[in-house]
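Trainee: I need the structure of the sequence given here:
(one chain, ligands or ions: 1)
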Amino acid sequence: MTSETRAVRGRGQVLALAALAANGLFQAHAASAAEPPACKPGSDWNTPAPPRRLYGNVWFVGTCGLSSVLVTGDRGHILLDGGTERSAPLIEANIRRLGFRLKDVRYLLNSHGHFDHAGGFARLQRDTGATVVARGDDAAAIENGRGTRTDPQFLSADPFAPVANVHRIADGETLALGTLALTAHATPGHTPGGTSWTWSACEGTRCVNVVYADSLTAYTDDEYRYSDQAEVLSTLRASIAAVAALPCELLITPHPDASLLWERTGAGAKSPLLDDTACRRYGERSTAFLEKRLAKENESVQRKE
Ligand SMILES: [Zn+2]
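Mentor: The predicted model follows:
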């Protein structure tokens, strides 16, 4: 294999580019640790964010408020989540800006079938030709451009551009592409088909467990009550426990703020990007949110009585 590395200086940024001639795929390496933080915590969903390397072949290509993660490989790439319809072109621009080709993206994986994570898939599928992969009721939601009453946010979630032929993945199934292997974990509760994804990413000889953990927040529309849904409530609790127990050095969540991503990246980061307590603490925050929601539901029942 021949490879060539050169430094390119432009607009104050130094990018070391490595062209991998053998497989025709082009890789760029951004020096993320030295860059300022990309976004302010609490940013709007569609605020553009510069792309940046998170670890090894794992790249953040989303917006300030919505994660989209590119995992690159020698036989093509995998993209996790597609943001909103409005953020899809920003994601595409970020992929290109890193030096990767849209047509090398082979799979579009989903966390859950809401418009803020699946709304960009129609455009991304059109421009990449990739297969959209999701699980259970959320796969149907993506094909329909909206969920059903099994979704706690059914009445409040915006509809989005539907996608044809969503590939269904099962709990525990691994999606392989060349040397890439990402495993789906059923983590329902926020939505019925919620899915978390895990894989290993390496830099030199150090490999870390990456967890793209789905949203575990007990949000509802005005009608839905978790306290009335014993089965859903217990699946959400089980999902939180499952994510908390995953081997986890690099946690990424569909909303970057949910895992404090902007406080963990860039120059002067307040906390480390790699942290093997991150999933456990994400579980604790999700449980605290759920207990607050249940207490609030209970309060409103007592007020009516
Ligand atoms: Zn959601």
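Trainee: spatially nearest residue to P192, not counting backbone neighbours?
Mentor: D137 (4.1 Å; Cβ to Cβ, 6 or more residues apart in numbering). Yep, even glycine has a C-beta here, placed from its N, CA and C like the rest.
Trainee: can I take it that that neighbour is in a strand?
Mentor: No. D137 is assigned helix when assessed by DSSP: H, G, I helix; E, B strand; the rest coil, not a strand.
Trainee: so it sits against T195, correct?
Mentor: No. The pair D137 and T195 fails to qualify as a contact (Cβ atoms under 8 Å) at a distance of 11.1 Å.
Trainee: thinking again about what came up before, number of nearby residues for the residue nearest to P192?
Mentor: 19 (other Cβ atoms under 10 Å).
Trainee: repeat for the one 5 residues further on
Mentor: Around I142 there are 31 other residues, counting by other Cβ under 10 Å.
Trainee: contact partners for the most centrally placed residue in the chain?
Mentor: The residue lying closest to the centre of the chain (Cα atoms, centre = their mean) is P254, at 4.0 Å. Counting by Cβ atoms under 8 Å, 6 or more residues apart in numbering, P254 touches L66, S67, D81, S111, H112, D116, H117, Y212, D214, S215.
Trainee: turn these into TSV, columns for neighbour count.
Mentor: Listed next are the contacts of P254 as TSV, based on neighbours: other Cβ atoms under 10 Å:
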residue	neighbour count
L66	27
S67	25
D81	29
S111	30
H112	31
D116	24
H117	30
Y212	25
D214	30
S215	22
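Trainee: show the pLDDT at the residue nearest to P192.
Mentor: For D137, the model assigns a pLDDT of 97.
Trainee: next, the contact list for it, please.
Mentor: By Cβ under 8 Å, 6+ apart, the contact list for D137 reads G113, G147, T148, T150, D151, T191, P192, G193.
Trainee: buried subset of these, written for PyMOL?
Mentor: The PyMOL command for the buried members of the contacts of D137 (criterion: 16 or more other Cβ atoms under 10 Å) is given here:
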select buried, resi 113+147+150+151+191+192+193
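Trainee: where does the stretch 51-200 of the chain get nearest to the ion, which residue?
Mentor: Using Cβ to the ion, H114 is the residue of the stretch 51-200 of the chain that sits closest to the ion, at 3.7 Å.
Trainee: look up how far A213 lies from that residue.
Mentor: 15 Å (Cβ to Cβ, to the nearest Å).
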